[in-house]
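>>> my questions are about this predicted structure, shown below with the sequence.
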Amino acid sequence: MATSKRRKPQADENPQYSSEELLKFYREMLLIRRFEEKAGQMYGMGLIGGFCHLYIGQEAVVVGMQNALIKGDSIITSYRDHGHMLATDMDPKGVMAELTGRAGGYSKGKGGSMHMFSREKKFFGGHGIVGAQVPIGTGLAFGHKYSGDGNINVCYLGDGAINQGQVYESFNMAALWKLPVVYVIENNKYAMGTSQHRASAGELCERGSAYGIPGHVVDGMSVLAVKEASEDAVAHAREGSGPVILEMKTYRYRGHSMSDPAKYRTKEEVTKMRTEMDPIDNLKKLLLDTSAADEDALKAIDRDIKAIVAEAADFATQSPEPDPAELWTDILVEA
């Protein structure tokens with residue numbers, strides 16, 4: 001079983017990426033951060049109901065991964081999905097409006113935080129059942145292979161989903177048929193309130209070893225490390241070599257959901273991660289240290305992002321609520 005450790009790029013190294021690429025990564029991560037901060041604020045104001053799982057701290061995973069893909073590649077994830085939507089270039093207004101349950105949302109206000117989809121962007125959810133997206137993602141990969149379209153599926157799952165039986169049924173089929181799928185385990189150390197070390201034995205990236213699926217450990221707090229590992233994994237899947245597992249070692253700063261006080265970990269632990277490992281702050285340091293951008297340019301990006309998020313929040317509160325007749329739509333697909 002091949003596993004690999006990837007070192008986080010240091011600020012004094014000459015990165016293999018252009019200034020434009022680094023600024024693109026920075027902007028995309030910052031959009032997710034500011035969007036999620038606003039969503040948390042709106043939840044506290046009672047404008048967002050139901051479940052709401054924020055992605056703050058994990059931005060490097062989806063931004064690095066999505067930047068390794070091409071048009072037509074399909075994406076599926078769990079219920080911590082807002083960041084994935086934004087990284088696939090879904091409209092922040094439509095995402096925020098779905099959070100507030102409005103007609104202008106991606107699911108017409110009927111799905112909420114955990115159930116949004118965009119066929120145009122090849123984003124297939126957003127799933128509220130732990131691990132349920134894995135067999136669906138495997139099926140999407142089968143569809144890519146069957147049609148010969150040259151695309152792959154990226155299936156995101158959390159460390160809490162890795163012990164589900166359906167995950168291993170999916171691994172078995174993907175390996176048997178050499179399906180073009182990258183399984184991305186977003187290991188944020190806690191499955192709801194349970195530490196990964198108390199719930200899951202061994203290295204999670206090795207869970208596909210019985211099926212011959214290669215796995216790699218990746219620094220999920222570094223967008224550059226994620227991008228590098230993702231390019232290798234995507235090439236592996238796209239060339240017909242079958243599935244691959246990437247275990248992204250990451251961290252969420254907020255609780256499992258907005259209703260979680262996160263008393264199972266110390267404030268010192270969270271502060272240490274924020275101070276030393278924050279993916280946005282570390283990329284900002286790299287941009288400044290390599291003169292790829294100055295403080296004024298980065299402040300301008302932040303202002304632009306805040307304006308986009310503010311516009312999304314305004315749209316989400318002004319969009320009308322769904323017509324009651326919508327209860328009867330989108331139930332069956334007409335053949």
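Everything's here; your move.
>>> CA only for contacts and neighbour counts going forward, please
Fine.
>>> run through the helices of the stretch 151-300 of the chain in chain order.
165-176, 196-199, 223-238, 267-277, 279-289, 295-318 (DSSP state H, counting those that start in this stretch).
>>> show me how far the first one is from its chain's centre.
Using CA atoms, centre = their mean, to the nearest Å, the mean C-alpha position of helix 165-176 is found 21 Å from that of the whole chain.
>>> that one: which residues count as buried?
Gln166, Val167, Tyr168, Ser170, Phe171, Asn172, Met173, Ala174, Ala175 (16 or more other CA atoms under 10 Å).
>>> ok, now the longest one?
Residues 298, 301-302, 305-306, 308-310, 312-313, 315-317 are the ones in helix 295-318 that count as buried (16+ other CA under 10 Å).
>>> those into JSON lines, with extra columns for pLDDT and distance to Tyr251?
Shown next, in JSON lines, are the buried residues of helix 295-318 (pLDDT from 0 to 100; distance: CA to CA, whole Å):
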{"residue": "Leu298", "pLDDT": "98", "distance to Tyr251": "24"}
{"residue": "Ile301", "pLDDT": "98", "distance to Tyr251": "24"}
{"residue": "Asp302", "pLDDT": "98", "distance to Tyr251": "23"}
{"residue": "Ile305", "pLDDT": "98", "distance to Tyr251": "23"}
{"residue": "Lys306", "pLDDT": "98", "distance to Tyr251": "23"}
{"residue": "Ile308", "pLDDT": "98", "distance to Tyr251": "26"}
{"residue": "Val309", "pLDDT": "98", "distance to Tyr251": "23"}
{"residue": "Ala310", "pLDDT": "98", "distance to Tyr251": "26"}
{"residue": "Ala312", "pLDDT": "98", "distance to Tyr251": "26"}
{"residue": "Ala313", "pLDDT": "98", "distance to Tyr251": "26"}
{"residue": "Phe315", "pLDDT": "98", "distance to Tyr251": "30"}
{"residue": "Ala316", "pLDDT": "97", "distance to Tyr251": "28"}
{"residue": "Thr317", "pLDDT": "97", "distance to Tyr251": "30"}
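>>> how much space between Glu37 and Gly137?
To Gly137, Glu37 is 29 Å away according to CA to CA, to the nearest Å.
>>> any idea where the strands of this structure begin and end?
Using DSSP state E, the strands of the chain run over residues 74-76, 153-158, 181-187, 190-191, 194-195, 215-219, 244-249.
>>> where does the stretch 201-335 of the chain have low pLDDT?
Filtered on pLDDT under 70, the stretch 201-335 of the chain yields the residue ranges 335.
>>> so for stretch 78-85, first residue to last residue, what's the gap.
11 Å.
>>> my bad, stretch 81-92
First-to-last distance for stretch 81-92 - CA to CA - comes to 13 Å.
>>> now for Arg254: which residues touch it?
Leu54, Ile56, Ala262 (CA atoms under 8 Å, 6 or more residues apart in numbering).
>>> just the C-alphas of stretch 297-312, formatted as CSV.
Extracted C-alpha coordinates of stretch 297-312, given in CSV (Å, rounded to 0.1, in the frame of the first residue of the first chain):
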residue,chain,number,x,y,z
ALA,A,297,-4.0,44.7,-3.2
LEU,A,298,-5.1,42.2,-0.6
LYS,A,299,-7.3,44.7,1.2
ALA,A,300,-8.9,45.5,-2.1
ILE,A,301,-9.7,41.8,-2.7
ASP,A,302,-11.2,41.6,0.8
ARG,A,303,-13.4,44.6,0.0
ASP,A,304,-14.6,43.1,-3.2
ILE,A,305,-15.4,39.8,-1.5
LYS,A,306,-17.3,41.5,1.3
ALA,A,307,-19.3,43.3,-1.3
ILE,A,308,-20.2,40.0,-3.1
VAL,A,309,-21.2,38.4,0.2
ALA,A,310,-23.3,41.5,1.2
GLU,A,311,-25.1,41.4,-2.1
ALA,A,312,-25.8,37.7,-1.6
